[in-house]
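Novice: Coordinates for the following, if possible.
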Amino acid sequence: MKASVFIALTLDGFIAGKDGSVDFLNDYQSSASKEDGDMGFSNFLNSVDLLVFGRKTWDQVISFGVDVWPYGDRKVWIWSRNPSDVHIPECIAKQAKAICASPPDIMKLAGDEGYQHAYIDGGTTIHEFLQHGYIQELILTRVPLLLGSGVPLFSSNTNKLPLEHLVTRSYSNGLVQSHYRVVKES
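Specialist: Residues are numbered from 1 along each chain as shown. I've put the predicted structure just below:
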């Protein structure tokens, strides 16, 4: 079972503002050139068969409206301490479910159900899955912006984790995307 991250963050390491908003991304998405396209997100998404979102990330995604649902018919698991409190719109109820389990249990269940590649998203979710050693790849897109404060991708209690740089691409709208593989220490 493979798990990967594909996420945008500001130069000072924030994935959202203090209020959880990702509005700062709008200007950069709308200014992408035709050649830039979606900066590899569709290709990445085509490689995954399961999405594991943290609760706050899920709430943010749903706030955009399900009429712009970019995930097709892929299954979505929402990682929450209180699954019964997670709102899942009726039109995607067959695809999404809230789950309260540890990262090891989630990965075991995903493997048992035949999933091959999970997309892990959300600050705390990414942190916990990294700490448990389940993420193999990170695709980080740097936004040329300093927020000063907000939701950090990595917290101060993140363990040392060696990464192998695979490729870096720059885009006409100023975004810089780097792809890393997690190096397993022996």
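Novice: only C-alpha atoms for contact and neighbour calcs from this point on.
Specialist: OK.
Novice: where does the protein have its least confident helix or strand?
Specialist: helix 26-30 (a mean of 76; mean pLDDT, DSSP states H and E).
Novice: can you tell me the average pLDDT over the next helix or strand after that helix?
Specialist: Downstream of helix 26-30, the next assigned helix or strand under DSSP states H and E is helix 41-46. For helix 41-46, the mean per-residue pLDDT is 94.
Novice: Can you give me the buried ones in the following helix or strand past helix 41-46?
Specialist: Note on helix 41-46: by DSSP H and E, the next helix or strand toward the C-terminus is strand 50-54. Applying a neighbour-count criterion of 16 or more other CA atoms under 10 Å, one finds Leu50, Leu51, Val52, Phe53, Gly54 buried in strand 50-54.
Novice: ditto for stretch 54-62
Specialist: For stretch 54-62, burial by neighbour count (16+ other CA under 10 Å) applies to Gly54, Arg55, Lys56, Thr57, Trp58, Asp59, Ile62.
Novice: just stretch 133-151 next, same as before
Specialist: Within stretch 133-151, the residues that count as buried by 16+ other CA under 10 Å are 134-143, 145, 147, 150-151.
Novice: neighbouring contacts of stretch 15-30?
Specialist: Under the contact criterion CA atoms under 8 Å, 6 or more residues apart in numbering, stretch 15-30 has outside partners 7-9, 38, 56, 60, 123, 143, 147, 149-153, 173-175.
Novice: Mind doing that once more with 7 Å?
Specialist: For stretch 15-30, contacts defined as CA atoms under 7 Å, 6 or more residues apart in numbering pick out Ala8, Leu9, Ser149, Gly150, Val151, Pro152, Leu153, Asn173.
Novice: doesn't Asp12 make contact with the fifth one?
Specialist: No: Val151 is beyond contact range of Asp12, at 10.5 Å (criterion: CA atoms under 7 Å).
Novice: Could you tell me which residues touch both of the two?
Specialist: The contact sets of Val151 and Asp12 do not overlap (CA under 7 Å, 6+ apart).
Novice: Tell me where the protein has helices.
Specialist: Per DSSP state H, the chain carries helices over the ranges 26-30, 41-46, 55-63, 103-112, 123-131.
Novice: Out of these, which gets nearest to Ala96?
Specialist: Closest approach to Ala96 among the helices of the chain is made by helix 55-63 (10.3 Å; CA to CA).
Novice: could you dump that closest one to CSV, C-alpha only?
Specialist: Extracted in CSV, the C-alpha atoms of helix 55-63 (Å, rounded to 0.1, in the frame of the first residue of the first chain):
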residue,chain,number,x,y,z
ARG,A,55,-11.7,16.4,9.2
LYS,A,56,-10.7,20.1,8.8
THR,A,57,-9.6,19.5,5.2
TRP,A,58,-12.8,17.6,4.5
ASP,A,59,-14.8,20.6,5.8
GLN,A,60,-12.8,22.9,3.6
VAL,A,61,-13.3,20.7,0.5
ILE,A,62,-17.0,20.5,1.1
SER,A,63,-17.3,24.2,1.5
